[in-house]
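Participant: Just to be clear, the model below is a prediction. Sequence and coordinates:
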Amino acid sequence: MNWFDISLFKFFNGFAGLSLVLDQTIIFFADYLAYILIAFFVVLIFKKSTLIEKLKLGLTGVVSAILSLLIIVPGIRFLYNHPRPFLEILGAQKLFNESGYSFPSAHATFFFALSIIVYKENKTSGIVFLILSSIMGMARVAAGVHYPFDILGGAIMGIIIGLASIETIKNLLRKKEQTFKN
C-alpha cells in the first residue's frame, strides 16, 4: 500500500467522527448526492428539444452505466482484490456500510463518466457535475469506504468510459442513419 494514499486517507477520514453534523454532511455527499446527480441528468435529457437528442443522451448514459457498473468495475475487482480502508487501517472511521472491494470506486467511475457526457452536452453543467463528482469522491474517502487512489482510478476510468460511451452511441446512430438512407 502506498504511504501517500494512506496519508491522504487518514487526512480526509480524520474529519469523520468529529461531530454529528459533519458526519451527516459527509454521508449526504458520499451517498445521497448520487441520486441528485442522476435526477439532474434525467432533467437534462428531458430538456433536449428533439426525441433523437433525448434518446442519444439517455442511451449514452445507459451505455456508461453498463460499462462502468456491470463490466469494468466488477471485472477489475474480480482480478484485483483491494480491501476497503476500514478493514485495513486501525482506527479508520466508517460512517456507513459498504461491502466488496474498494478499487476502483464504482461511484467515481460512473459519475465521472456521466460528468464527461454532461460536459460534452453543456460545459457549465458539466463543470458543476465534475465538481460535485469530485466532492462525492472526497466524501467517500472521509466516510472511510475508499482510499483516495480508488477515487482517482475510478475518475480516470470514468472519463475514458464517458468518452467511449459518447463515441459508441454516435457511431451507432451514424450507422443507423446510413441504413435508413440506403
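Facilitator: Sure thing, it's come through. Numbering: from 1, shown residues only.
Participant: contacts for stretch 103-110?
Facilitator: Contacts of stretch 103-110 from elsewhere in the structure, counted by CB atoms under 8 Å, 6 or more residues apart in numbering, are 34, 64-65, 68-69, 72-73, 76-77, 80, 82, 133, 136-137, 140, 146-147, 149-155, 157-158, 161. All C-beta spots, glycine's among them, are computed from the backbone N, C-alpha and C.
Participant: ok, now stretch 44-58?
Facilitator: When contacts are defined by CB under 8 Å, 6+ apart, stretch 44-58 is touched by residues 61, 117, 118, 121, 122, 125, 169, 170, 173.
Participant: Please repeat the previous calculation with a cut-off of 10 Å.
Facilitator: With CB atoms under 10 Å, 6 or more residues apart in numbering as the contact definition, stretch 44-58 has outside contacts at 41-42, 59-61, 114, 117-118, 120-122, 125-126, 129, 166, 169-170, 172-173, 177.
Participant: Using ChimeraX, define a selection of the buried residues within those residues.
Facilitator: Of those, the buried ones go into a single ChimeraX selection, burial set by 16 or more other CB atoms under 10 Å:
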select :41,59,60,61,114,117,118,121,125,126,129,166,169
